[in-house]
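>>> I would like the atomic coordinates for the input below:
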Amino acid sequence: MTTLIVGGYGSVGRTIAEELATAPDDPSAVIIAGRDGIKANAVAGEFGDHVSGVEFDFQETDSYTRVLEDLDQVVMCVDQSGTAFVEACLERGIDYIDITASDEFFRKVEQLDDVARDNGATAILSVGLAPGITNLLAKRMADQLSTVSEIRIGVLLGLGEAFGPAASRWTLERIGREFEVPRAGHSESVRGFSNPESVEFPRYGRRRAYSFDFADQHVLHRTLDVPARTYLCFDSRAVTSAAYGLSQLGLYRPAVEAIGLDRLTELVSTLSVGGDGFAVTVEVDGQQHSTAKTLTTAVDGREQSRVTGIVAATVSLATRDTTLSDGVHHVHEVLEPEPVLDALREHGYRLTNSEQIREAGTLVR
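The predicted model follows:
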């Protein structure tokens with residue numbers, strides 16, 4: 001199998017390339033693609049004979065024929081606004097995996113389901129930590145219950161990890177921005193980094209986290225027909241409180257406009273605050289036969305971007321080794337959680353599970 005990793009010399013792309021090139025059973029041929037061909041070839045040289053590099057800008061549509069020739073699979077590590085490149089892959093019968101976290105983009109790709117089916121291709125979205133692991137955990141626990149009433153997701157990110165500028169920009173532009181969340185029979189407009197929720201995170205304890213426009217809540221509502229909410233905080237309590245305060249006072253968006261989002265992204269990258277740890281906690285409320293329960297699973301460890309790479313590589317190998325349905329799918333719709341969770345355990349990440357029985361509105365441990 002030959003896999004093209006677009007944006008392959010970033011931190012996530014490097015992890016994917018390493019995992020695929022060193023797969024024990026049958027290493028994949030990997031092509032690292034990026035706008036800087038010299039850098040792509042230099043990174044490829046770190047991983048041995050199975051990996052090569054190529055200069056490629058996905059916005060230059062006239063290069064698609066050259067770059068997409070003889071490929072089995074594409075893993076996309078760069079944000080896109082349009083779907084021209086996705087369509088080009090699917091029209092050629094090339095399987096497509098995307099680590100994007102934008103629900104606006106997901107909705108566009110979902111419209112290409114017929115294109116994928118007509119050409120025998122599979123596209124998998126929601127590949128990473130959140131969305132990704134959070135989707136798989138929610139689906140896993142939902143399957144253990146007779147009925148599900150609500151899904152709550154908490155995400156804690158360490159500010160000391162060297163995120164790429166695209167990831168930092170994505171987060172910064174969503175603080176204070178309004179988005180819609182599903183409620184019983186209607187949707188509700190909320191502001192990013194508002195509506196505090198108390199969340200228990202492994203290693204970090206109980207923290208206040210805030211509504212945030214992660215894609216997993218929207219995708220889970222569409223695919224499982226269950227209300228879902230996602231909350232975000234940082235390992236630094238001070239930064240979390242500052243983001244919440246500025247959002248609540250309506251000062252964050254004007255400040256961003258005054259400073260400029262690009263400049264703010266640069267400033268944030270110079271901060272020396274926090275560590276490189278992360279944690280996610282997923283809670284699912286529902287009924288198991290006649291008993292009301294809350295099931296909880298959490299994952300924690302270091303280097304969130306590495307988790308995204310491990311998940312993407314695991315999904316890549318699954319599409320190679322397993323017959324998956326053609327069409328456009330989110331990860332929890334086509335893959336069982338255990339192989340992905342096992343891969344995380346093998347890399348030293350910790351999973352914890354708990355169950356609580358609810359009686360007359362209270363929790364009994």
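
>>> State the mean pLDDT of stretch 144-154.
Here stretch 144-154 scores 96 as its mean pLDDT.

>>> again, but for stretch 31-48
In the prediction, stretch 31-48 has an average pLDDT of 94.

>>> And for stretch 174-189?
Stretch 174-189 comes out with an average pLDDT of 84.

>>> what about that stretch, how long is it end to end?
End-to-end distance of stretch 174-189 (Cα to Cα, to the nearest Å): 14 Å.

>>> I'd like the distance between residue 161 and residue 312.
17 Å (Cβ to Cβ, to the nearest Å). Placement of C-beta: from N, CA and C, glycine included.

>>> With neighbour numbers in mind, choose between those two.
A direct count of neighbours by other Cβ atoms under 10 Å for residue 161 and residue 312 places residue 312 higher, at 28 against 19.

>>> Quick check: next helix or strand after the helix or strand containing the more buried one?
Per DSSP states H and E, residue 312 falls inside helix 304-321. Per DSSP H and E, the first helix or strand lying C-terminal to helix 304-321 is strand 327-330.

>>> Could you list every helix and strand in contact with that next one?
Contact here means 3 or more Cβ pairs under 8 Å, 6 or more residues apart in numbering; DSSP states H and E; on that basis strand 327-330 packs against helix 103-110, helix 113-118, strand 122-125.

>>> Can I get those in a markdown table including mean pLDDT?
As requested, the helices and strands packed on strand 327-330 are arranged in a markdown table below (pLDDT from 0 to 100):
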| stretch | mean pLDDT |
| --- | --- |
| helix 103-110 | 97 |
| helix 113-118 | 98 |
| strand 122-125 | 98 |
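
>>> Tell me which of the ones you listed lies nearest to residue 23.
With respect to residue 23, and counting by Cβ to Cβ, the nearest of the helices and strands packed on strand 327-330 is strand 122-125 at 17.7 Å.

>>> Export the closest one to CSV, keeping only CA atoms.
Only the C-alpha atoms of strand 122-125 are listed here, as CSV (Å, rounded to 0.1, in the frame of the first residue of the first chain):
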residue,chain,number,x,y,z
THR,A,122,-13.7,5.3,1.7
ALA,A,123,-13.3,8.6,3.5
ILE,A,124,-12.8,8.7,7.3
LEU,A,125,-13.2,11.9,9.3
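
>>> quick one: that strand to chain centroid distance?
Chain-centre distance of strand 122-125: 13 Å, with Cα atoms, centre = their mean, to the nearest Å.

>>> now what about that strand, what contacts it?
86, 89-90, 95-98, 100, 106, 109-110, 112, 116, 131, 219, 315, 319, 324-331, 334-335 (Cβ atoms under 8 Å, 6 or more residues apart in numbering).

>>> Buried ones among the residues you listed?
Listed as buried from those are 86, 89-90, 95-98, 100, 106, 109-110, 112, 116, 131, 219, 315, 319, 324, 326-331, 334-335; burial here means 16 or more other Cβ atoms under 10 Å.

>>> okay, and for this structure, where does confidence drop off?
For the chain, the stretches with pLDDT under 70 are 162-164, 184, 272, 360-365.

>>> swap the cut-off to 80 and go again
For the chain, the stretches with pLDDT under 80 are 24-28, 160-167, 182-186, 266-274, 321, 358-365.

>>> Okay, domains of it per the record?
Using automatic domain parsing, the domain ranges for the chain come out as 2-128+305-346, 129-303+350-364.

>>> Among those domains, pick out the one with the most neighbours on average.
domain 2-128+305-346 (a mean of 19; mean count of other Cβ atoms under 10 Å).

>>> As CSV, could you dump the C-alpha coordinates of stretch 336-344?
Output in CSV follows, covering the C-alpha atoms of stretch 336-344 (Å, rounded to 0.1, in the frame of the first residue of the first chain):
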residue,chain,number,x,y,z
GLU,A,336,-14.4,-0.7,16.6
PRO,A,337,-12.8,1.3,19.5
GLU,A,338,-10.6,-1.4,20.9
PRO,A,339,-7.9,-1.6,18.2
VAL,A,340,-7.4,2.2,18.5
LEU,A,341,-7.4,2.2,22.3
ASP,A,342,-5.0,-0.8,22.3
ALA,A,343,-2.6,1.3,20.2
LEU,A,344,-2.8,4.1,22.7
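
>>> which residues touch that stretch?
133, 136-137, 139-140, 299, 301, 307, 310-311, 313-315, 318, 331, 351.

>>> Just the closest of those residues to residue 8, please.
Closest approach to residue 8 among these (Cβ to Cβ): residue 313, at 11.8 Å.

>>> Three-state assignment for the closest residue to that closest one other than its chain neighbours, please.
Leaving aside its chain neighbours, residue 313 sits nearest to residue 19 (3.4 Å; criterion: Cβ to Cβ, 6 or more residues apart in numbering). Here residue 19 takes the helix state, with states given by DSSP: H, G, I helix; E, B strand; the rest coil.

>>> Relative to residue 34, how far out is residue 19?
Distance from residue 19 to residue 34, counting by Cβ to Cβ: 18 Å.

>>> what do you get for residue 245?
Using Cβ to Cβ, residue 245 is found at 39 Å from residue 34.

>>> same thing with residue 168?
As defined by Cβ to Cβ, residue 168 lies at a distance of 19 Å from residue 34.

>>> for residue 13, same thing?
8 Å.

>>> Could you name every residue contacting both of those two?
Common neighbours of residue 13 and residue 34, using Cβ under 8 Å, 6+ apart, are residue 7.

>>> thinking again about what came up before, residues in contact with the residue nearest to residue 313?
309, 310, 313, 314.
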